[in-house]
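>>> Build the 3D model from these lines:
(4 chains)
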Protein chains: 4
Amino acid sequence: ELPLALIAGPCQLESRDHAFEVATELKDITSRLGIGLVFKTSFDKANRTSANAARGIGLEAALPIFAEIREKLGLPVLTDVHDAAQCAPVAEAVDVLQIPAFLCRQTDLLVAAAETGRAVNVKKGQFLAPWDMKNVVSKITGAGNDKVLVTERGASFGYNTLVSDMRALPVLRETGMPVIFDATHSVQQPGGQGTSSGGQREFVPVLARAAVAVGVAGVFIETHPDPDHAPSDGPNMIPLREMEALLANLIAFDRLAKAT
Amino acid sequence: ELPLALIAGPCQLESRDHAFEVATELKDITSRLGIGLVFKTSFDKANRTSANAARGIGLEAALPIFAEIREKLGLPVLTDVHDAAQCAPVAEAVDVLQIPAFLCRQTDLLVAAAETGRAVNVKKGQFLAPWDMKNVVSKITGAGNDKVLVTERGASFGYNTLVSDMRALPVLRETGMPVIFDATHSVQQPGGQGTSSGGQREFVPVLARAAVAVGVAGVFIETHPDPDHAPSDGPNMIPLREMEALLANLIAFDRLAKAT
Amino acid sequence: ELPLALIAGPCQLESRDHAFEVATELKDITSRLGIGLVFKTSFDKANRTSANAARGIGLEAALPIFAEIREKLGLPVLTDVHDAAQCAPVAEAVDVLQIPAFLCRQTDLLVAAAETGRAVNVKKGQFLAPWDMKNVVSKITGAGNDKVLVTERGASFGYNTLVSDMRALPVLRETGMPVIFDATHSVQQPGGQGTSSGGQREFVPVLARAAVAVGVAGVFIETHPDPDHAPSDGPNMIPLREMEALLANLIAFDRLAKAT
Amino acid sequence: ELPLALIAGPCQLESRDHAFEVATELKDITSRLGIGLVFKTSFDKANRTSANAARGIGLEAALPIFAEIREKLGLPVLTDVHDAAQCAPVAEAVDVLQIPAFLCRQTDLLVAAAETGRAVNVKKGQFLAPWDMKNVVSKITGAGNDKVLVTERGASFGYNTLVSDMRALPVLRETGMPVIFDATHSVQQPGGQGTSSGGQREFVPVLARAAVAVGVAGVFIETHPDPDHAPSDGPNMIPLREMEALLANLIAFDRLAKAT
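Got it, this is the predicted structure:
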């Protein structure tokens, strides 16, 4: 089994400079810690709670930045796609296409992502049982692409609340694909602030530790130099300056989990 | 307050003849009962549990059939759209564009549907609190379209199960838009049959009666001459021959609810 | 099928005079409306959220008041019991023993209540599936008592929230016992005010109407002349002055439900 | 912070010899591993799903066996109590009184347990938010007893299913009391086998590892030489022969969790 990998970055691609700042810092941290890094950021927040919320810089502006990060920093890049037509152009600039949780059953999107040949990371819908992800994975592998990652990011639990069922991790592993635990969105409180989602940043290390102890291929953690002023997911992003200590701790748990 | 309206039809548009058979029968029933009817059917089941499940005849084959139903039977037609590019062509052939529950927060799809000028029926996501639908409605009205319907179709309740919270109906009414109760998908058991969703048809009349007593503008009920052999949602569709008695009963409850 | 019956009264037995005031008023209302009434009040709130909350006047002080209400007003009386030893003495003063929801699986309490020969009203636990109430009913009938009522009062739905699943009513009816819908506790927000439970009084008529339309033997509604100053369940009790209009409406729905 | 402690034993006290067999084996295992052990077994299963299920040997027969285990094996003993009157006699024979989850808000039971002066382990109700346990703890400390343990054992998640919310562990820690994770009942499927509860034994190590990584004072694990033939909780008990390896693994995670 491979050691823990990290998918991380700011929720939104705010600007070229902002992305480089965070990516460079994350590269330094993961180099010191000796773990793999995939840089994640979104060019479009296509399903914000409110239409008035900031959506990001958009596909066209983002693709050259993704390409530059890959080239200058040597980092693989992951971003999310929202409709089938985006998959091919995005695939030219990134290494991993991510399917958002709400869209995890949209067959055309899954097939279009698969057909790019890039790795596809599918988030499990908040409305989906973990054993039903095998059907989702089949939609991608059936399109001829075996490079699939499956990500747990919480299940609906009453209104405006998610719960992380740690039993889901071994169930997802039965798909045969690497399992990622998204500690950032698992502590989201969907719609919990009226016109935006709330979050409970203090539980990111709690749930990440639990998931790594159970055993995962990687963790997904959004981070920002100043989360309280981030345009989205601020309440559940981890300050960038806290990432190294958190990751060092998770790596220790990962080693133990994979040794036993 | 207007009397109860019905949105009904077979889950999938299986063929021209099949659609006409069901639409004609529903038109006869609702004429006898004196209630309004919107004919609903889907040209594409874009988020089936499994990639191997039948998806329908597709957009191009469907549009002329929709147009023919409207012209020959004089019925308004509703169908669901799955991405922004579909909205304009579909709007030329139908009266109501429906946003599927999983997609109820996809801003681009909501805006594209709104911009057609057609009425838009948005299903509340299984993962969404009823009070959060005001943000969804704002995305449509903010794009200049006030002809919005909001539909309750169940909330996630553990795995493979939905629950219908009747408190959601008055909460949804606070959006100012007509509220529809989807009795068919509220009794769905998502993913509950391994590679397809299960359902509990016997609870359709139970939940429909409860919702109508609470007070709704309309009910959404999928129906089929032979549900057990339907390509999708068979376990939760009502046999066509049972529709008239069910509707007669719901109309009695609707009159009482709106008189008091 | 018998017409709708009412179980009602103030949550707590605050004093003899308070109980008589409410019971007399409820007797007048139900006489005018022509429906049956069981007067409900509790001598002890044995499971308050906080130890500092008012619990009530206690068993010994309550029994003579129960007896006096039965004798002077000719009303059957219902109260809840919390341990097996209370059943026999309470049974001498009341007509119906009620098993609280948290205690619905405590075999000794169920058997002791059954053995008094009085009717037993069991509330379904917030943690219990409706189909599991058949086992609860069997504990009572197995002890030789067939006078059982089963009451729906909401199911846990995330934290501090309940949801009323209307499908539960026909499932409970399969026990063969009369089914009661408790509209008061179904809108409780357990523990929702830090050291006491909150509630959503505005949804009592909503859920009661839904349940009566589905079909129940009776409704359970707590009421108080001044709910906002009641010692317990104030947020979800209906003001006494609103009861007659609410009941008149529910009776109309009940007649329709039982005629069809 | 103290190292991980274990509360373990067979669900039911089946016989003196059976209890000694399991207790002796657990004592040997925990001695080898160098961790503390509290021996747990129940003299009465007072809330079985069905009245026909085996309840155990009863209070009178159990007390001398508890006393003998304490004396001969030198082990502290824990057992659960179901009504206030049991507390004093049970307290003479055991070290820890346990309050079952369904009963965690029964004030009289909590106070009676507190007044024995013995340690009290309260299980969090399946219907209770973790932050509401502070009120439960206050009922015990308010009665003058500060020796309280709080146990997480799953929250209701739809019907016949529980989910373990790992965020509950740090929330419970805010009560100031040691937090125990009950890995056995967290994988229970309440009522899931019609007339008895089901369980998912394979998830005991998964959830226990997650909880220990988050940080707990102890784990609660029921075990049996032959779980498939045990009179209760068989589907979720761990075979006794697997306990040592499981515990050794949990101890490694506990050391790491408490060092970081």
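>>> secondary structure class for residue A:44?
Secondary structure for residue A:44, judged by DSSP: H, G, I helix; E, B strand; the rest coil, is coil.
>>> which ones are touching it?
Residue A:44 makes contact with A:55, A:56, A:58, A:59, A:82, according to C-beta atoms under 8 Å, 6 or more residues apart in numbering or on different chains. Quick note: C-beta positions are derived from backbone N, CA and C, even for glycine.
>>> which one is the first one nearest to, not counting chain neighbours?
I take that to be residue A:55. residue A:45 (5.0 Å; C-beta to C-beta, 6 or more residues apart in numbering or on different chains).
>>> Can you verify my assumption that that neighbour contacts residue A:53?
Yes: look at residue A:45 against residue A:53 with C-beta atoms under 8 Å: they come within range, at 7.1 Å.
>>> so what sits against both of these two?
With C-beta under 8 Å, 6+ apart as the test, residue A:45 and residue A:53 both reach residue A:232.
>>> So which of those two has more stuff around it?
residue A:45 (21 against 15; other C-beta atoms under 10 Å in any protein chain shown).
>>> Give me the residue ranges of chain A where confidence is low.
For chain A, no stretch has pLDDT under 70.
>>> Around chain C, which positions in it sit nearby?
Within reach of chain C by C-beta under 8 Å from any C-beta of the partner chain, chain A has these residues: A:157, A:158, A:159, A:161.
>>> do the helix or strand hosting residue A:169 and chain B meet?
Element membership for residue A:169 (DSSP states H and E) is helix A:168-173. No: Helix A:168-173 does not reach chain B (C-beta under 8 Å from any C-beta); its nearest approach is 9.5 Å.
>>> Give me the residues contacting the host helix or strand of residue A:38.
Per DSSP H and E: residue A:38 is located in strand A:36-40. Applying C-beta under 8 Å, 6+ apart, the contact partners of strand A:36-40 are A:3, A:5-9, A:23, A:26-27, A:30, A:69, A:73, A:75-79, A:95-96, A:98, A:218, A:220, A:222.
>>> what do you get for stretch A:59-70?
With C-beta under 8 Å, 6+ apart, stretch A:59-70 has contacts from A:13, A:16, A:19-20, A:23, A:39, A:43-44, A:56, A:75-77, A:79, A:86, A:89-90, A:92-95.
>>> Give me the subset of those residues that lies in helices.
A:16, A:19, A:20, A:23, A:86, A:89, A:90, A:92, A:93 (DSSP state H).
>>> are any of the contacts of stretch A:59-70 buried, and which?
A:13, A:19, A:23, A:39, A:43-44, A:56, A:75-77, A:79, A:86, A:90, A:93-95 (16 or more other C-beta atoms under 10 Å in any protein chain shown).
>>> Which elements pack onto the helix holding residue A:169?
strand A:148-152, strand A:179-182, helix A:204-214 (3 or more C-beta pairs under 8 Å, 6 or more residues apart in numbering or on different chains; DSSP states H and E).
>>> can you rerun that using 10 Å?
helix A:133-141, strand A:148-152, strand A:179-182, helix A:204-214, helix D:204-214 (3 or more C-beta pairs under 10 Å, 6 or more residues apart in numbering or on different chains; DSSP states H and E).
>>> Find the residue at the geometric middle of chain A.
Nearest to the geometric centre of chain A sits residue A:220, at 4.8 Å (C-alpha atoms, centre = their mean).
>>> contacting residues for that one?
Residue A:220 makes contacts with A:5-9, A:38, A:40, A:78, A:98, A:121, A:123, A:149, A:151-153, A:180-186, A:208, as judged by C-beta atoms under 10 Å, 6 or more residues apart in numbering or on different chains.
>>> element containing it?
strand A:218-224.
>>> With just CA atoms, put that strand into PDB.
Coordinates of each C-alpha in strand A:218-224 appear next as PDB, following Å, rounded to 0.1, in the frame of the first residue of the first chain:
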ATOM      1  CA  GLY A 218      -5.300  10.200   0.500                       C
ATOM      2  CA  VAL A 219      -6.800  13.100   2.200                       C
ATOM      3  CA  PHE A 220      -8.400  16.100   0.600                       C
ATOM      4  CA  ILE A 221      -8.000  19.300   2.600                       C
ATOM      5  CA  GLU A 222      -8.800  22.800   1.300                       C
ATOM      6  CA  THR A 223      -6.500  25.500   2.700                       C
ATOM      7  CA  HIS A 224      -6.100  29.300   2.400                       C
END
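>>> So which residues make contact with the next helix or strand after it?
Downstream of strand A:218-224, the next assigned helix or strand under DSSP H and E is strand A:238-239. Contacts with strand A:238-239, where a contact means C-beta under 10 Å, 6+ apart, come from A:8, A:183-184, A:201, A:204-205, A:208, A:221-228, A:246-247.
>>> Could you rerun that using 6 Å?
A:204, A:221, A:223, A:227 (C-beta atoms under 6 Å, 6 or more residues apart in numbering or on different chains).
>>> what residues does the stretch 1-150 of chain A put near chain B?
A:46-47, A:49-51, A:83, A:102, A:105-107, A:126-127, A:129, A:132, A:135, A:138-139, A:142 (C-beta under 6 Å from any C-beta of the partner chain).
>>> Try it again at 7 Å.
A:46-51, A:82-83, A:102, A:105-108, A:126-129, A:132, A:135, A:138-139, A:142 (C-beta under 7 Å from any C-beta of the partner chain).
>>> got the helices and strands packed on helix A:168-173 as TSV, with mean neighbour count columns?
As requested, these are exported to TSV (neighbours: other C-beta atoms under 10 Å in any protein chain shown):
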stretch	mean neighbour count
helix A:133-141	22
strand A:148-152	26
strand A:179-182	27
helix A:204-214	26
helix D:204-214	26
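>>> Throw the ones you listed into JSON lines and include distance to residue B:112, thanks.
Shown next, in JSON lines, are these (distance: least, C-beta to C-beta, whole Å):
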{"stretch": "helix A:133-141", "distance to residue B:112": "24"}
{"stretch": "strand A:148-152", "distance to residue B:112": "28"}
{"stretch": "strand A:179-182", "distance to residue B:112": "29"}
{"stretch": "helix A:204-214", "distance to residue B:112": "35"}
{"stretch": "helix D:204-214", "distance to residue B:112": "43"}
